[in-house]
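> Structure here, sequence nowhere to be found:
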């Protein structure tokens with residue numbers, strides 16, 4: 001179950017750093033059969049985003065949400081960290097790589113951030 005793996009990873013990585021987190025997901029996720037490759041890719045996107053938060057955000061709180069809507073899986077991760085100026089994101093960094101990976105999966109990535117106001121990332125992926 002992907003939600004169990006994600007919750008365990010969040011606990012393992014965030015709790016030792018004193019970061020409070022919540023993990024909310026639609027029960028519908030447990031009723032659909034996600035392709036093994038999609039599960040793997042979603043977990044990798046999640047893992048890389050959590051690692052980026054730990055390395056760069058200086059946050060104290062992370063909100064993770066996952067839902068299924070209109071045959072799409074939506075995973076959003078929001079932190080209350082230092083944020084960044086979206087205009088200065090360089091190609092080749094972690095956020096760019098996340099976006100590229102999502103596009104290869106025929107999905108899209110929404111990133112909103114502002115210095116001093118944290119970061120919101122949402123991955124929207126088609127479910128086949």
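That came through, no problem. Values in this document were obtained by computation on a predicted structure and should not be read as measured data. Residues are numbered from 1 along each chain as shown.
> Quick check: closest non-adjacent residue to residue 94.
Nearest residue to residue 94 in three dimensions, chain neighbours excluded: residue 52, at 4.9 Å (C-beta to C-beta, 6 or more residues apart in numbering). Every residue, glycine included, has its C-beta placed from N, CA and C.
> helix, strand or coil for that neighbour?
Secondary structure for residue 52, judged by DSSP: H, G, I helix; E, B strand; the rest coil, is helix.
> Could you give the number of residues near it?
Residue 52 has 20 neighbouring residues, counting by other C-beta atoms under 10 Å.
> pLDDT weak spots in the chain?
Applying pLDDT under 70 to the chain flags the ranges 89-93.
> all strands of it, in order?
20-25, 61-69, 72-79, 108-113, 119-126 (DSSP state E).
> What about residue 118, how many residues nearby?
Residues near residue 118, counting by other C-beta under 10 Å, number 22.
> actually residue 62, not the one I wrote
Residue 62: 24 surrounding residues under other C-beta under 10 Å.
> That one pairs with what?
Taking DSSP bridges as the rule, residue 62 bridges to residue 21, residue 79.
> what's near enough to touch it?
By C-beta atoms under 8 Å, 6 or more residues apart in numbering, the contact set of residue 62 is 10, 14, 19-22, 50, 53, 77-80.
> Next: residue 44.
Contacts of residue 44 by C-beta under 8 Å, 6+ apart are residue 101.
> separation between residue 47 and residue 9?
Residue 47 is 6 Å from residue 9, where distance means C-beta to C-beta, to the nearest Å.
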